[in-house]
Each structure stands twice: as C-alpha cells, then as structure tokens.
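Undergrad: with the sequence up front, the predicted model follows.
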Amino acid sequence: MRESKKSLSFLDRFLTVWILLAMIIGILIGYIFPNFSNVLNKLSIGTTSIPIAIGLILMMYPPLAKVKYEEIGKSKTSKKPFKIAILYNWFIGPLVMFLLAIIFLHNYPHLMIGVILVGLARCIAMVLVWNDLADGDRDFVALLVAFNAIWQVITYSIFAYVFIKILPPIFGISTKAINLNISIKDIATSVLIYLGIPFVAGVLSRLLLVKAKGNTWYEKNFIPKISPITLIALLFTIIVMFSLQGKYIVTLPLQVLMVAIPLTLYFIIMFLLGFFTSYKFKYGYSESTTVGLNAASNDFELAIAVAVAIFGLSSNEAFASVIGPLIEVPVMLMLVNVALYFRKRLNWNANKESNTEI
C-alpha cells in the first residue's frame, strides 16, 4: 500500500472519504431544507434537471480530454493481449456483473439495474491511475482507454437495453415493479447527451489545443487545471442526489452493503480473471496487469449519468450507481498491491521467452 500512497494524488487517495462526506452533506441538506427538491425541480426541462445535466457533462469532460486518441492505431497491438482485454472488458465483464446483480439483488430490482449499469460502463479515467501505480503497460492502457471511450459512445445504449430490458426476464427476474418503458432511443439519447457532448469536447480540446500550444503544454498545464472538475462535479451530483434520499436514511447502511457485495466481488473476480488469463498466455507482468485492472475498472460517471437520466435523480437505480466509486477506490487500491505482490511471486521471465500472441 505504501507504493500506492507515494504517487496517488491527495484528492484521489481520499476519494472514498470525499464521497462519504458528500453523502452526509446531501442528507443534511434534505432534512434542513425540505423544499430543496422543489427548487431543483423548477430548474428542469421535462425530466432533465439543468443543474444536474451541467454537472454530469462537466464530470465526464476531463477524463475524455485526457484520452490520447492519436495513439489509436499506433500501438503494436500484435504484441499485446488486445483480444483478451476486449473479451473481458466488453463481454465477460458486463455478464459477470449481471450475474452477480441478479444473484445478490434479485429481490431489489431497482438496485439490481443500477449495479448492472455500472458493469456496462467501461473505465476511461481512473484505470490510468491504477495502471500507473501497479507499473502496468502505459501505452497499452492508453490504447484501451481510447477504444473504450469510442466503443461506449457507439454501443452503450444497445448493451444497456439488452442487459436491463431483455435479459432479466430470461433469467426469471421480474421487473414488473419498475417502469421499464424505455427504448434504445431513450438510452442512446442519454448517452449522446452525457457522453457524446463531453466526448466531442474532449476530442476537440486535444486536437485543437495540442496543435496550438503543443503536447507538453497540454499534458503539463491544461490537463492538471481541468482534472479537479471531475471530482467537484461528482461530489455536487452526489450531494444533490442524497438531498433527495431522506426517506432512505434509516435503511442507507443496509442498502449500501447490499450494493457493495456484488461490486466488491466483481472487481476482484474480473481482475484475477484478466490478470491470470494474460499470464497463462505468456504475456509479461505489465501487460497482464493492464488487462486485469482494465477488466475490473468501470466508468461510474457514465453509469450515474444514464441512471439519473433514465430513472430520475432520486431513484434507487441512481443510488446504486453512485455506490460504485465509493467501493471501487479502496478495492482497486488493494488490487494494485495484489498485482505488485504477484510481480515478485510469479516467473515472468519465462513468459517473455515464450510469449504466445492472442
């Protein structure tokens, strides 16, 4: 753990603490100012809360501005476990989260769907931090993050529709208590607003500013200045959400625990599967670590945005999605140290000598 604390920023290191404080502040606001929700509702267009929409879009912008889109196609993917990463990231990961959600939360379908939405959103930000801490392959993770960002814009709405609308009844899970009168178009609209707008802004920022000011200025000056926006916008969203969750105060610890169990298992299972699959196929430590961490990490900002847009700010789906970062940070820090432990324990030199490309 000591190695992690050396390079993790102060804000990132205590992210769990900030989220807990934001939850407490939100709950207190809800009790002290009971008309706060009415004020918020007046600042809406249809079902969209303008302050929340601005907050969610701002939350997504910095991670998408950090992605090195120009690196796509430049990396030597033939020497990387690219297929393994994609398999776990986009197919096995969502399926594992879906199974864990229906196993642990089948009697709580609102929470179940919130957890499923977290599993569908693949990480485009924090995995860069975890990867650096664990000495993973930086070029490879940059390629995967860029791919995830583009892939999500194109496919997230389809995956969400299949996993929350079609699959639960097939597995015998009743969702009659939930208003699932939604279409791919509804989800796609949310994705385009909350991911498409910051995605275009992020791409244009990188292309235009790197061209005008240079890559060094962009990475050393611009990115550090916009990075705190994500945390500020996330905490703002959580405060507002929990200000509307007063009725859950009594049951909050139980619901947090119910959501935390499948999320924790998911992070651990996906990391170990990705890490050891890559190891078995004779890839090196850095590549295997990148595969494992990428498979386990999620884009909780996107999951929160979609849950809020589709089910509402005070919904249990949104509540479940916001538990994601609360659990992810401490568990992923633990997994970083697990990776560093296996770097010393496994025979990586043998892998380098007999690498099997896949």
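TA: Yep, it's here.
Undergrad: now the residue nearest the centre of the chain: closest residue in space, sequence neighbours ignored.
TA: Closest to where the C-alpha atoms of the chain average out (C-alpha atoms, centre = their mean) is D299, at 1.7 Å. Leaving aside its sequence neighbours, D299 sits nearest to A121 (C-beta to C-beta, 6 or more residues apart in numbering; 3.9 Å). C-beta here means a position set from N, CA and C on the backbone, and glycine is covered the same way.
Undergrad: surely the one you found and L302 touch.
TA: Yes: if you go by C-beta atoms under 8 Å, A121 and L302 touch, sitting 4.2 Å apart.
Undergrad: name the residues contacting each of these two.
TA: 152, 156 (C-beta atoms under 8 Å, 6 or more residues apart in numbering).
Undergrad: roughly how far does the residue nearest to the centre of the chain sit from L100?
TA: D299 sits 18 Å away from L100 when distances are taken as C-beta to C-beta, to the nearest Å.
Undergrad: just A142 next, same as before
TA: Applying C-beta to C-beta, the value for A142 to L100 is 29 Å.
Undergrad: helix/strand/coil for the spatially closest residue to L265 that is not a sequence neighbour?
TA: In this structure, L265 finds its nearest non-sequential neighbour in L100, 5.7 Å apart by C-beta to C-beta, 6+ apart. Three-state assignment for L100 (DSSP: H, G, I helix; E, B strand; the rest coil): helix.
Undergrad: you'd agree L100 is up against T264?
TA: No: L100 is beyond contact range of T264, at 9.6 Å (criterion: C-beta under 8 Å).
Undergrad: between these two, which is the more surrounded one?
TA: L100 (21 against 16; other C-beta atoms under 10 Å).
Undergrad: got a list of what the more buried one touches?
TA: Counting by C-beta under 8 Å, 6+ apart, L100 makes contact with 115, 262, 265-266.
Undergrad: most neighbours out of the residues you listed, which is it?
TA: When neighbours are taken as other C-beta under 10 Å, the top entry among the contacts of L100 is V115 (29 neighbours).
Undergrad: give the contact list for that one.
TA: The neighbours of V115, taking C-beta under 8 Å, 6+ apart as the test, are 97, 100-101, 105, 259, 262-263, 320-321.
Undergrad: my read: A188 touches S157, true?
TA: Yes: using C-beta under 8 Å as the test, A188 is close enough to S157 to be in contact (3.7 Å).
Undergrad: neighbour count winner among those two?
TA: Set side by side, A188 and S157 show more neighbours around S157, with 23 against 18, by other C-beta under 10 Å.
Undergrad: please report how far the more buried one lies from I164.
TA: For S157, the distance to I164 - C-beta to C-beta - is 11 Å.
Undergrad: before we move on, what about I310?
TA: With distances taken as C-beta to C-beta, I310 is found 9 Å from I164.
Undergrad: between the two, which has more neighbouring residues?
TA: I164 (27 against 22).
Undergrad: distance of that one from I239?
TA: For I164, the distance to I239 (C-beta to C-beta) stands at 26 Å.
Undergrad: run the chain-centre distance for whichever strand or helix holds E301.
TA: When elements are assigned from DSSP states H and E, E301 belongs to helix 300-311. When distances are taken as C-alpha atoms, centre = their mean, to the nearest Å, helix 300-311 is centred 11 Å away from the chain's centroid.
Undergrad: so which elements touch that helix?
TA: Helix 300-311 sits against helix 50-66, helix 109-120, helix 138-161, helix 184-191, helix 223-243, helix 316-345, with contacts defined as 3 or more C-beta pairs under 8 Å, 6 or more residues apart in numbering; DSSP states H and E.
Undergrad: can you say which of those is nearest to T289?
TA: helix 316-345 (4.7 Å; C-beta to C-beta).
Undergrad: relative to helix 50-66, how tilted is the closest one?
TA: 20 degrees (axes from the mean of the first three to the mean of the last three C-alpha atoms, to 10 degrees).
Undergrad: could you list the buried residues of helix 316-345?
TA: Within helix 316-345, the residues that count as buried by 16 or more other C-beta atoms under 10 Å are 316-329, 331-333, 335-336, 338-340, 342-343.
Undergrad: over to stretch 204-224?
TA: 205-206, 209-210, 218, 222-223.
Undergrad: okay, how far is it across that stretch, tip to tip?
TA: End-to-end distance of stretch 204-224 (C-alpha to C-alpha, to the nearest Å): 17 Å.
Undergrad: list the contacts of that stretch.
TA: 62, 65-70.
Undergrad: those, buried ones only, as a PyMOL selection?
TA: This is the PyMOL syntax for the buried subset of those, where burial follows 16+ other C-beta under 10 Å:
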select buried, resi 62+65+66+67+68+69
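Undergrad: which of the contacts of stretch 204-224 sits closest to W130?
TA: K66 (14.3 Å).
Undergrad: nearest residue to that closest one in space, please, no chain neighbours.
TA: In space, and not counting its chain neighbours, K66 is closest to I223: 5.9 Å by C-beta to C-beta, 6+ apart.
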